[in-house]
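**Q** Below: sequence and its predicted model.
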Amino acid sequence: MHIAVCVKQVPDTTEVKINPETGTLIRTGVPSIINPYDHFALQTAMGLKKLHGCRVTVISMGPPQARSVVQMGMALGADDGVLLSDMAFAGSDTWATSYALAKAVKKLGKVDLILAGMQAIDGDTAQTGPGMAQQLGIPQVSFCEKIDLDGRKLIARRLIDGGYEIVEVKVPALFTMIMPRDYVPVYPAFLETHASLKKPYYVWSAADIGAEPRYLGLKGSPTQVARIYPPQQREKAAMTGGSAQEAAEKILEIMRKEHFIAE
Amino acid sequence: MPSMDAISRNLMLDSLKAYARKNISNDFIREKDQANEFPAKILKDMYDHSILGVHLLMIPEEYGGVSGGTYDIYRICEVLAHIDLGIATSVFATFLGTDPLNVGGTVDQKKKWLERIAKENLMVAYAATEADAGSDLLNLRTRAEHVLKNGQLAGYRLTGNKQWISNGGVADLYTVLAMAPGGPCWFLVEKEMEGFSPNKHEDKHGIRLSNTAGLSLDNVFVPKENLIGEVEGQGLVQAQAVFGYTRLMVAAFGLGAGWEAVEQAVRYSQQRIQAGGPLSDKQGYTHKLIVPHAVELEAARAYIEETAYRLDGGEHGLQTEGAIAKYSASESGNRAAEDAIQALGGYGYTHDFPVEKIKRDVKITCIYEGTSEVLEMTIYRGRWQEHLKTRGRYYADIADKMDCLHAANPDVGAGAAALALRALAAVMEECRLAKLTRHQAVTFKLGGLISLAELAYVFAQAAAKDKYSESVRFDVQAWRAMARVYARGAALRIAAEGLALVTGAADGAGGLAAAVDMDAVQAAQKGMMADMDLVAAKLKQTFKAK
């Protein structure tokens, strides 16, 4: 079984500040981290590898410094790593990104299982994983918190509104992972990081994966970012106290005052 | 060893930070600090090569380590100091204890012991200090007597007492300095050896999470293979060979602990509203209690990094540079923590807020690995020789370089750094002419002024670079403003204090007043307030209130 895990390097959004005047992100001094959902996807792959002896390949797309997340994947136990890095990829939206990633997976040969985080914490789109499945023409199961392997069949526990469902899928398939509540991220020991430098690591360009330039970058992106701005701060909620009856009367009074309902 | 690649280093730093986030809370540290307790489980994890393996940084790859360079170790030490200086000290003790082996061990000894330290996660202690032998190791009383078997040397019997040994009560392996018939030597002593026993854990002012104990050696038999280097009399040379390097680690401790205190103060100052606005917006507060320390610490960072690059590049020794780095960073860290208590007011004075603990902790960096006063002397000695050898051109030449830098980059403080360097050269020359170095106080003071001038020019050089190192958390605008603030302050202090020093010690001050060019130094202060305002604003932006 060959597992490909897609990871993304993202700014630590807990540290990102927004310039209130220009509305742009202040990236100076903000650390880059592995997208936390992808981190869990990696750990899921390592769990499967431990139980079933799978081969695991980490894939990322980004500038040369994104090597960091690929190497982290290898330090956590992946067998090899690939970074898609090329100016041709710059400006790709989720669809163009999923096209490139799908091309890379094809180049890897027979990949049975693709794991990715549910979404990246910088964009929160949750589209790249499903986009890849579409490009590859394979089934996808999104929002999973657990995956078991039974022969050639995968059994996933998938979160849905108000509960979960168990889904069985035959390989090849793509799964996007959420983070379970009790999840504890594992970080590599120093020796594992050091050893990961000796694992096979490849940097592939658009030409390497046979991607057509028209499907990449801004040109290949059906969506484009018009503007980034911080969400408007909402007004503070007014709290009403007292019994249910008193609270209801108070709310009605406010609604009348604010002209939500007629006097 | 050259430093490792940035990605590997940063992954290791991330692993360390993640471990600390998960396992070392503020409450945990406060509890252990109050109980004066060594956090054995935490250190066991840190040394466990399957969990973290921090000790592997000091061990070359061929012996099972990760071959960390000076820059890597500086970065790890800074992060450790942010976490807790007691825990950092425990890791440092292993680094230090491993050093005599790295420097003086034979190939067989390295293979045997470094591999064991790596694989068995051994905690090491460095046992040099005695009651009468601190900075003055020649006063060593612990004896190593020959033990003969069939007329051949079989080993040594060690007898004596060691004092204030970090990891003293908890280490698995000790490198012990003792006087053999052929001179001082380092011996490897294992904790189970008969006649060896640690004393009680000391009740210290700070770094209370670090185990510190005396050691008793009562006729401890040590096989001759445990004499590091297998040649007697090399001990002090082996100890001194690494001072440039080990002092850089303590410098990183001063830097990390100092910055932790400043960050706490900056975050607090944005929440504390007084007289209609946050303290962070009040110059009387920021420009006294926060900005000067941020500036000093970043100047120390620039100097530490420069020294680390040089050591990783293959230069040896750099004892004077190591001394300047440690002296500046530890004194700055100590001052920063002191003012962080003030910045937090009543809260800062309680155990509930971490700054008072940082203050107690960071003081040790001004004491161990060479007290600040010993370092002032070391710095003076090293640079006085240069001053004499170059007939007073040593700093004048660097000042000329700073003029060139200023012409190309007028916004990095190089002009003020040149003034600082020329004032220093003039003060040193006046001291020579008037034979003032016969006063010990003059020599120590010169050590301090030398540090100011060197940091000023190294900071200006670093700030002029196109790209800053990974550790700098400020943008070009902020870091350059900091370099300017530092250089102006250095020029002013060297000129004023140098002049006062000479005037106070000599019969007359000759033409020194003209030579230090006080008018130019005063003129260079222009723009100081705007720069301080800018740094205060950038600090607020970088360390937001939580």
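**A** Nice, thanks for sending it over.

**Q** In contact with B:Arg335, which residues?
**A** With contacts defined as Cβ atoms under 8 Å, 6 or more residues apart in numbering or on different chains, the neighbours of B:Arg335 are B:Gly258, B:His293, B:Glu296. For glycine as for every other residue, the C-beta is placed from the backbone atoms N, C-alpha and C.

**Q** Any stretches of the stretch 101-250 of chain A with poor pLDDT?
**A** A:233 (pLDDT under 70).

**Q** Contact residues of it facing chain B?
**A** The stretch 101-250 of chain A comes close to chain B at residues A:Val184, A:Pro185, A:Tyr187, A:Pro188, A:Ala189, A:Phe190, A:Leu191, A:Thr193, A:His194, A:Ser196, A:Leu197, as judged by Cβ under 8 Å from any Cβ of the partner chain.

**Q** what's the neighbour count on B:Glu232?
**A** By other Cβ atoms under 10 Å in any protein chain shown, the residues close to B:Glu232 number 18.

**Q** how many neighbours does the closest residue to it other than its chain neighbours have?
**A** Using Cβ to Cβ, 6 or more residues apart in numbering or on different chains and skipping the chain neighbours, the partner closest in space to B:Glu232 is B:Gly182 (2.8 Å). The local packing of B:Gly182 (other Cβ under 10 Å) involves 14 other residues.

**Q** what about B:Gly182, distance to B:Leu424?
**A** According to Cβ to Cβ, to the nearest Å, B:Gly182 and B:Leu424 sit 43 Å apart.

**Q** Report the buried residues of stretch B:43-51.
**A** By 16 or more other Cβ atoms under 10 Å in any protein chain shown, the buried positions in stretch B:43-51 come out as B:Leu43, B:Asp45, B:Met46, B:Tyr47, B:His49, B:Ile51.

**Q** Helices - which of those land there?
**A** Counting by DSSP state H, these place B:Leu43, B:Asp45, B:Met46, B:Tyr47 in helices.

**Q** hang on, the last one packs against B:His55?
**A** Yes: using Cβ atoms under 8 Å, B:Tyr47 is in contact with B:His55, at 5.2 Å.

**Q** roughly how far is stretch B:288-297 from the heart of the chain?
**A** 18 Å (Cα atoms, centre = their mean, to the nearest Å).

**Q** avg pLDDT for that stretch?
**A** Per-residue pLDDT over stretch B:288-297 has a mean of 98.

**Q** List the residues that contact whatever residue of the stretch 301-450 of chain B ends up closest to chain A.
**A** Going by Cβ to the nearest Cβ, chain A is nearest to B:Arg301 of the stretch 301-450 of chain B, at 13.5 Å. Applying Cβ under 8 Å, 6+ apart to B:Arg301 gives the contacts B:Leu255, B:Ala329, B:Ser471, B:Val472.

**Q** next one: B:Val220
**A** Listed by Cβ under 8 Å, 6+ apart, the contact set of B:Val220 reads B:Arg157, B:Leu158, B:Thr159, B:Val189, B:Met193, B:Glu194, B:Gly195, B:Phe196.

**Q** and it, that's in a strand?
**A** Yes: applying DSSP: H, G, I helix; E, B strand; the rest coil, one finds B:Val220 inside a strand.

**Q** Now do it, the pLDDT please.
**A** For B:Val220, the model assigns a pLDDT of 98.

**Q** what do you get for the one 4 residues further on?
**A** Reported pLDDT at B:Lys224 in the predicted model: 97.

**Q** Same question for the one 3 residues further on.
**A** Looking at B:Leu227, its pLDDT stands at 98.

**Q** Tell me where the stretch 1-150 of chain A has strands.
**A** Using DSSP state E, counting those that start in this stretch, the strands assigned to the stretch 1-150 of chain A run over residues A:2-6, A:9-11, A:17-18, A:25-26, A:32-34, A:55-61, A:80-84, A:113-117, A:140-150.

**Q** residues in contact with the last one?
**A** For strand A:140-150, the external contacting residues (Cβ under 8 Å, 6+ apart) are A:1, A:44, A:48, A:51-52, A:54, A:115, A:118, A:126, A:129-130, A:133-134, A:154-160, A:164, A:167, A:169, A:173-180.

**Q** Just the contacts of B:Val220: which are in strands?
**A** B:Arg157, B:Leu158, B:Thr159, B:Val189, B:Phe196 (DSSP state E).

**Q** Could you dump these into a markdown table and include pLDDT and distance to B:Leu501?
**A** Listed next are these as a markdown table, based on pLDDT from 0 to 100; distance: Cβ to Cβ, whole Å:
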| residue | pLDDT | distance to B:Leu501 |
| --- | --- | --- |
| B:Arg157 | 98 | 51 |
| B:Leu158 | 98 | 46 |
| B:Thr159 | 98 | 47 |
| B:Val189 | 98 | 46 |
| B:Phe196 | 98 | 49 |
